[in-house]
Structure formats: structure tokens, C-alpha cells
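# sequence first, predicted model second:
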Amino acid sequence: MDRLSKAIAADGTVRVISAITTDTVTEAFRRHQTSPTATAALGRTMTGAVLLGASFKDVDRLTIKVEGDGPLESIIAEATAGGGLRGYVHNPQADLPPNEIGKFDVRGIVGNGMFHVIRESGYELGINTEPYIGSVPIVSGEIGEDLAFYLANSEQIPSAVMVGVLLQNQEPYVAAAGGVLVQMMPGANEHIITMIEDTIKHAPHVTKLVSEGATPSDLIREALGIIEFEVLEESDLAFKCTCSMERARSMVASVGRDEVASMLAEDKQATMTCGFCNEHYTLGEADLVEILNELQTNV
């Protein structure tokens, strides 16, 4: 099962959040049948979303939207405070050959554009509040570096972000996925910062550690080296979508009487597909008649 850990170090001046997201990324791949490079890009973004979302106390839904001019076009990943995570890409079959060092060319498939972060509070209580939207240019397309750039520029929090996805040629195709977010809070000692920077520079890749069975706490240890830390909280993560037949029904009703009447006359049904999870919902003739009657009654 996927897990997330939150920890502090150096008298609270360093915050570390780590996550294992292998099962969640596997489920996203299963639902969207993404190409290898698209899977890597989506998995990194989903992992980044859950790490960043966990860094805010007052945010219960956080969305990362990457809009680039590469073949993928866009990536959407959403994390909730309850441990739910979902995401999709605009062109799931877009792919590129490995880059010059033999790695997934996520930079190339994303391209240049904008990196957006949307923070919402009150979502899980059904309270509609004005979301906060922060945007920065895509600086590398590698996702982790873009997330660190966002934090430094929009939140003024110096951070290191390591996210990764490891694939294999047999099921389950996602062999490992996870990430670590290290944030330097006000008052962080320069010596401690230098130590952490050096440790991260020489640490094994996150996906190597996850594939070898590392826990979220193990990832924190690898990021901090000899610096002691205290785990404050651990929680489960899973692919969760908020779509349902009821929501599909509401969306059909929202198009209005004339459009529903047209669906009824021409197709005798309405079929909707959730972009986040690829689940299909079909409303039959009886459903459309009922919706039409309700719309006429409410006039």
C-alpha cells in the first residue's frame, strides 16, 4: 500500500515529506494506458502533487496543471488531504525515444509553457471557497525541478524535490514510484543546508530505493543523511476519483432542457467518460426522461 510521511529536523527548521506512490501510479497507468514517457510524466506530477499538498495545513485539495507545447500538451494531477490522488494527461499515447543519457525524455514530451498550482480549502467539507492559483514558467519540464522553482518563486520556500517513476517490461509495468520534498524553513542553519544539499547530491535515485523496498521513512533518511529527524505523521495514499453516476446525472441535467431533449430524441441515451479515471457512465432512456421531467417541473 502506498504511504506518505511528514517529518521535521534541525529543530523544526527543515521539513521533509516523502511518499511511495507505486500502486497509485500503476492504477493511473491501468486506467489511461499511457505510453512509457507519458506514464513517467504523469507519475512524477501525481507524486509531486501529493507531496506539495501535504506541505500545507489549510489545503485539502491541491491540483498541479502542467501546460506545455510538447506532444503531451497537458498534465493534471490532484491530491486531497484524505490521501486521494488522481490524474491524467491530454495525449496518453504521446511518446518520445529515451534522451541522451538513456532516461525518459519527460523534458521533451512536456516542452515549454506554464506550471500551475491550485490550492483549495473546504473541499472535503463541501464548502466552496475561492482557490489560490500560483503560476510559474516551466523551467525544465522534468517536473521535480519545476516544482522546486514554483516553491522558491511563488511560496518563497527554498526546496529540493525528487520524484521518479521506474518502469519494467512486464506486469506490473510500474516497478516503483515515489518522491521526497525537503523544505528549508525560516531560521535554517546554513551548515545544515549545505549538509543536506551534499547528501541529496550523492543519494541513490528515489526509484532505486523504492524498488528495493524502501519505506517513506527510509527515503527521508537518505535525503537527510546523518541529520536526525522526527516523523510527525504517516498516512495511506490511493488512487481515488470523485466521479459517480450521480455526478454524471447532474452534469447531463446542467446542459438544459433542449439539449437533454435532443439526446433523448436522437440517441435515447447519454454516455459520459471521466477524464481523471476513464470511468464510463451511461444514462438510459428512462434516466433522460426523468431528468427532462425534473427540469420541466423546476421551471
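Sure, I can see it. Numbering: from 1, shown residues only.

# contacts for stretch 6-16, please.
Surrounding stretch 6-16, the residues in contact under the criterion CB atoms under 8 Å, 6 or more residues apart in numbering are 17-18, 54-55, 180-189, 192, 196, 217, 220, 223-224, 227-234. Where you see a C-beta, it was placed from the backbone N, CA and C, and this is true even at glycine.

# ditto for stretch 113-120
For stretch 113-120, with CB under 8 Å, 6+ apart as the criterion, the contacting residues are 52, 56, 59-69, 129, 131-138, 146-147, 149-150, 154.

# let's see 7 Å
Stretch 113-120 has contacts (CB atoms under 7 Å, 6 or more residues apart in numbering) with 52, 56, 59-69, 129, 131-138, 146, 150.

# quick revisit: now the buried members of the contacts of stretch 6-16.
Taking 16 or more other CB atoms under 10 Å as the criterion, what is buried in the contacts of stretch 6-16 is 17-18, 54-55, 180-184, 188, 192, 196, 217, 220, 223-224, 227, 229.

# any idea which helix is longest in this structure?
In the chain, assigned by DSSP state H, the helix with the most residues is helix 36-54.

# same question for it, mean pLDDT?
For helix 36-54, the mean per-residue pLDDT is 97.

# do stretch 228-245 as well
Average pLDDT, stretch 228-245: 96.

# only alpha carbons, please: show that stretch as CSV.
Only the C-alpha atoms of stretch 228-245 are listed here, as CSV (Å, rounded to 0.1, in the frame of the first residue of the first chain):
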residue,chain,number,x,y,z
GLU,A,228,18.2,13.3,13.0
PHE,A,229,14.5,13.7,12.2
GLU,A,230,11.1,13.2,13.8
VAL,A,231,8.3,11.6,11.9
LEU,A,232,5.1,13.6,12.8
GLU,A,233,2.5,11.8,10.7
GLU,A,234,2.1,8.8,8.4
SER,A,235,-1.0,8.1,6.2
ASP,A,236,-2.2,5.9,3.4
LEU,A,237,-2.4,7.0,-0.3
ALA,A,238,-4.5,5.6,-3.0
PHE,A,239,-5.9,6.4,-6.5
LYS,A,240,-9.4,7.9,-5.7
CYS,A,241,-11.8,9.7,-8.0
THR,A,242,-14.8,11.7,-7.1
CYS,A,243,-16.8,10.9,-10.1
SER,A,244,-20.1,8.9,-9.8
MET,A,245,-23.3,8.2,-11.6
